[in-house]
Each structure stands twice: as structure tokens, then as C-alpha cells.
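Student: Next comes the sequence, and after it the predicted model I'd like to discuss.
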There are 2 protein chains.
Amino acid sequence: MRMAELSGESGVPVATIKYYLREGLLPPGERTSPNQARYTADHVRRLRLVRALIDVGGLSLNQVGDVLDALDEPEPDPHHVLGVAQRGITPAKEQPGEAAQEWAMDRVRAIAERRGWEFKPDSPSVSVLVSVFCTFRELGHEDLLDRLDGYGELADRIAEIDLAAVLGLPREEMVESAVVGTVLGDAMLVALRRLAQQSASSRTLRRPNTPATGDGASASTPKQDPHVR
Amino acid sequence: MRMAELSGESGVPVATIKYYLREGLLPPGERTSPNQARYTADHVRRLRLVRALIDVGGLSLNQVGDVLDALDEPEPDPHHVLGVAQRGITPAKEQPGEAAQEWAMDRVRAIAERRGWEFKPDSPSVSVLVSVFCTFRELGHEDLLDRLDGYGELADRIAEIDLAAVLGLPREEMVESAVVGTVLGDAMLVALRRLAQQSASSRTLRRPNTPATGDGASASTPKQDPHVR
């Protein structure tokens, strides 16, 4: 298909496709003339993956590039691809003080030991945890860490489902499925957690004297929220 | 304290503090002269919360404003504040086709029914799930939804811990703790999931013939990743 059809098929504007081609996020089409190239269903598929990782997964263009590079290796190693996708979560944040960092790192090391997880002080996930723990402490909510082991146990159970979901697939599908399930799965899990929280919190936290028209006070019906559609 | 001390104490630059004051994210200090105001420990605390929600929680300035407005109500309602914090998760994304949306909405409705969750089609969490499910389908990974009930059950268990963590607190602390635990808790859970995945995937997915120097193929030691520190 031509560029215009590729755009129609994928829903991605031509200018954006050209940009992705320049950035190497999309392999070039087969040249049919100096100014034209032919694209295939693989291009459509790749474009959809790129959009999903950016729009829904929240990855940066650079991170998408890393994921695609790993996917495009002649024999992609699922463990490696997963690892690349995992880098997408480190928040950009100024470092907290050294003492706080050390305290937080000790907490992370301890939970990793208790759960039997590999502990590498410079891994992106460890940095995220250090940053979150430091922030809890800075804000005076260290008590939120009291239940860390409960969360750790549930993380193990989530990871079991994650792995089970991809292990049955043929290797070439396994890799992409793991990436999509990991990156988009984050958004899914956060949203499921919200629904579960809403349900738990309306049972236990909502005040008896909240007006019956209490929808205004509910998360679910924001009236003028620019972020909702 | 003066503005300069407030900056030193909170680690937030003076220009940023002035911006937050103009935007109403920080209440004004007590005027001591036409050009000077006095700030208190409450200001330091509020600044830290604002930075945490932005830097670690990934909220936009508008979303932070909404959360603070809810926190600042004379008698903050934890359920309401949680709801406001929950809006922070809707990804900006073009809408998928109508048929796909309907299919996805049905899946969300069904899981909500099975779990006993309140289902409101226009809630932010439902929008996120619709968007994620549509993307799974668009990418040909519908099979990732086969294990949705497993994730739903774990979401309920996470929410139980979330609620238990704040229920024991005095009301005025409960609200802020719920917000911090929810927004920063997302980042924490994602990172814990990654560590658990790494551990599960090195046990089961790593190839036997991966070189012994396999660190290069591991998530934990990216060599040149601009996102890591």
C-alpha cells in the first residue's frame, strides 16, 4: 500500500508517519520510485504498536525506539525485551539527600531479600522505589511502608499472571505480548486498583451525612474535568 | 520564615514558589510589608506535597490544584479527595472506533459486576480500561484479557491494604495519606511488579544459552539510558 493508505489503515497522520520513518521507529517501505514506497500490513501493525506504547503506555519516543530495537533483534530474547520496556518507569526527579536515600535503599534491599527478588541498586525499579520511599518519609507518611510486604506479595502474584499470560504463546508473539502486557498492563492495573478502591472506600470511608446526590463528591462523575475525553 | 528560607527549607526554587503562589497551589504568606511575607512550616509541607504529586506522582499542575482544593475544604471528605486524586490517570488518547469501544465497555461492565464494583461508564478509570482493552484488541493481544479476573481479584486485595493503611489514622491525616498513598502508590506498585517480573522471568524466560555476562541483556543494568539518573 502507499503512504496515504498506510495512514488511513493505521489512523496515524502522514506527517507523523514520516517523522517515525526519519526517527527509525518504522522501517522504510520498499522503494517503487524515487518518491514512492510500498508499505505492508507489517507497517500497519508496527505503527499501531508505536502509538499504543506512546499513547496508552506513556513511553517517550526514545523508549519506544529502545523497545523496538530489542524487538527487532534477529532472535529477540523475551527477558531482554521485557527489561527494555521496564526502563520506561523511572520518574525524572531530583535526588533526595544521601541519608534518606540510604535509608530507602535499605528498605528496598530488605523487601527484595524477603521476596527473593534480585536486588541491583542501580536498576530503574529500585530507583523508583527509593524515590517513592524518600517522598513518603519527606511528607511524613512513612507509615505507608508498614504494609509494604503485603504489596510485595501481591506484586509476586501479579507477575505470576503476567508470565502465565505469555508463556503459552509462540516465541515471536511472546515477546510483543510481554511488552504490551507490561506497559499497557500498568495503566490497566492502576485503573483496576481505582475501581476496587472506590468500591472499598464507598463502603467504609463515605460519610453517613454525604448528601444523597453525592455524585458530585464521587470520583466517577467529574463535572468539568479536561482530562476526561 | 522569608521566601528565601522557604525555598532553602523546601528545596523548591524561589521562581517556582512564586509561580505556585500565583497559581494558587500555595496559600499566600502573611504580609509583613508591601514586598514581604512570612511563611510557616505549613508552607514547607504544602510545597513538598505539591512537588511529590508532580515529580513522583506524575500529576499535572491542574490535577494538583484539584487535589489541593479538595484537601483544603473545611472538612475534607476522604472519599471525595481520593476521587479527585483518581482523575490523574486518564491517558490523553484519541478515541477508538465505536464498535471497539462498545466491546471494551462490555468487558469492563462485566468485570465490575463480577467483582461487585460500582460501574459508571463515564468514570476516568472506566475510560482508561476501555482504552487499554481497545488497544489490546487493535494490536491482536486480546488474549491478555483472558486473565483479567485474576488481576481484578488482586486489585481488590491491593485496595484492602490501601484502605487499611489509612483507616487507623486521625481524619486530618487520613486524607493526605490516602492521596499520597494512591498517587505515589501507583509508581510503587509498578516498580514492585517489575522486580517481581524480573525475578519470575529470569527463572522461566531467560534462555539457557544467554552468555554468562548476561547483564547486558538484563533490565537492571542499562548501559546508556538517559532515563536512569
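Tutor: Here it is on my side, so go on.
Student: where's A:T32 relative to chain B, distance?
Tutor: Shown here: A:T32 relative to chain B, a distance of 28 Å by Cβ to the nearest Cβ, to the nearest Å. No exception for glycine: its C-beta is placed from N, CA and C like everyone else's.
Student: ok, now which ones touch that residue?
Tutor: Contacts for A:T32 (Cβ atoms under 8 Å, 6 or more residues apart in numbering or on different chains) come out as A:R38.
Student: for chain A, what helix or strand is lowest in average pLDDT?
Tutor: Lowest mean confidence among the helices and strands of chain A (mean pLDDT, DSSP states H and E): helix A:78-86, at a mean of 62.
Student: Helices of chain A, start to end?
Tutor: Using DSSP state H, the helices found in chain A span residues A:3-10, A:14-23, A:41-51, A:61-71, A:78-86, A:98-115, A:124-138, A:148-167, A:171-204.
Student: Would you mind giving the domain segments of chain A?
Tutor: According to automatic domain parsing, chain A comprises the domains A:3-56, A:88-203.
Student: dump the residue contacts of the nearest residue to A:H43 once chain neighbours are set aside.
Tutor: Nearest non-adjacent residue to A:H43, counting by Cβ to Cβ, 6 or more residues apart in numbering or on different chains: A:L6, 5.7 Å away. A:L6 makes contacts with A:12, A:17, A:29, A:39, A:43-44, A:47, as judged by Cβ under 8 Å, 6+ apart.
Student: For the residues you listed, work out which two are farthest apart.
Tutor: Distance extremes for the contacts of A:L6: the farthest pair is A:V12 and A:G29 at 14.1 Å, using Cβ to Cβ.
Student: Over stretch A:182-190, what's the mean pLDDT, rounded is fine.
Tutor: When pLDDT is averaged over stretch A:182-190, the result is 84.
Student: how much space between the spatially most central residue of chain A and A:W117?
Tutor: With distances taken as Cα atoms, centre = their mean, the residue of chain A nearest its centroid is A:V183 (3.2 Å). Per Cβ to Cβ, to the nearest Å, A:V183 is found 20 Å from A:W117.
Student: where does chain A dip in pLDDT?
Tutor: By pLDDT under 70, the low-scoring segments of chain A are A:56-58, A:75-96, A:171-172, A:205-229.
Student: Would you check how far apart the residue nearest to A:L192 when sequence neighbours are not counted and A:I158 are?
Tutor: Excluding its sequence neighbours, the residue lying closest to A:L192 (Cβ to Cβ, 6+ apart) is B:A155, at 3.7 Å. B:A155 sits 9 Å away from A:I158, taking Cβ to Cβ as the criterion.
Student: Can you give me the distance of the closest residue to A:G65 other than its chain neighbours to A:E160?
Tutor: Leaving aside its chain neighbours, A:G65 sits nearest to A:L25 (6.0 Å; criterion: Cβ to Cβ, 6+ apart). Using Cβ to Cβ, A:L25 is found at 32 Å from A:E160.
Student: Comparing those two, which residue is more hemmed in?
Tutor: Comparing A:L25 with A:E160 by neighbour count (other Cβ atoms under 10 Å in any protein chain shown), the higher total belongs to A:L25, at 21 against 16.
Student: show me what contacts the more buried one?
Tutor: Going by Cβ under 8 Å, 6+ apart, A:L25 touches A:46, A:50, A:61, A:64-65, A:68.
Student: now these: which count as buried?
Tutor: Buried subset of the contacts of A:L25 (neighbour count, 16 or more other Cβ atoms under 10 Å in any protein chain shown): A:46, A:50, A:64-65, A:68.
Student: so can I have CSV of those residues showing distance to B:E113?
Tutor: CSV is the format used below for the buried ones among the contacts of A:L25 (distance: Cβ to Cβ, whole Å):
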residue, distance to B:E113
A:R46, 36
A:V50, 34
A:V64, 36
A:G65, 41
A:L68, 38
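Student: Of those, which is the nearest to B:V126?
Tutor: Closest to B:V126 out of the buried ones among the contacts of A:L25 is A:V50 (25.5 Å), distances taken as Cβ to Cβ.
Student: was I right about that closest one contacting A:V67?
Tutor: No. Counting by Cβ atoms under 8 Å, A:V50 does not reach A:V67; the two are 9.2 Å apart.
Student: residue contacts, the residue nearest to A:I17 when sequence neighbours are not counted?
Tutor: Excluding its sequence neighbours, the residue lying closest to A:I17 (Cβ to Cβ, 6+ apart) is A:S7, at 5.9 Å. Contacts for A:S7 (Cβ under 8 Å, 6+ apart) come out as A:13-14, A:17.
Student: From those, keep the buried residues only.
Tutor: A:I17.
Student: of all the contacts of A:S7, which comes closest to chain B?
Tutor: Of all the contacts of A:S7, A:P13 has the smallest distance to chain B: 10.7 Å, by Cβ to the nearest Cβ.
Student: dump the residue contacts of that closest one.
Tutor: Counted by Cβ under 8 Å, 6+ apart, A:P13 has contacts A:S7.
Student: quick one: it from A:L21, how far?
Tutor: Distance check for A:P13 against A:L21: by Cβ to Cβ, it reads 13 Å.
Student: Over to A:G97?
Tutor: Distance of A:G97 to A:L21, given as Cβ to Cβ: 45 Å.
Student: Repeat that for A:Q63.
Tutor: A:Q63 is 18 Å from A:L21, by Cβ to Cβ.
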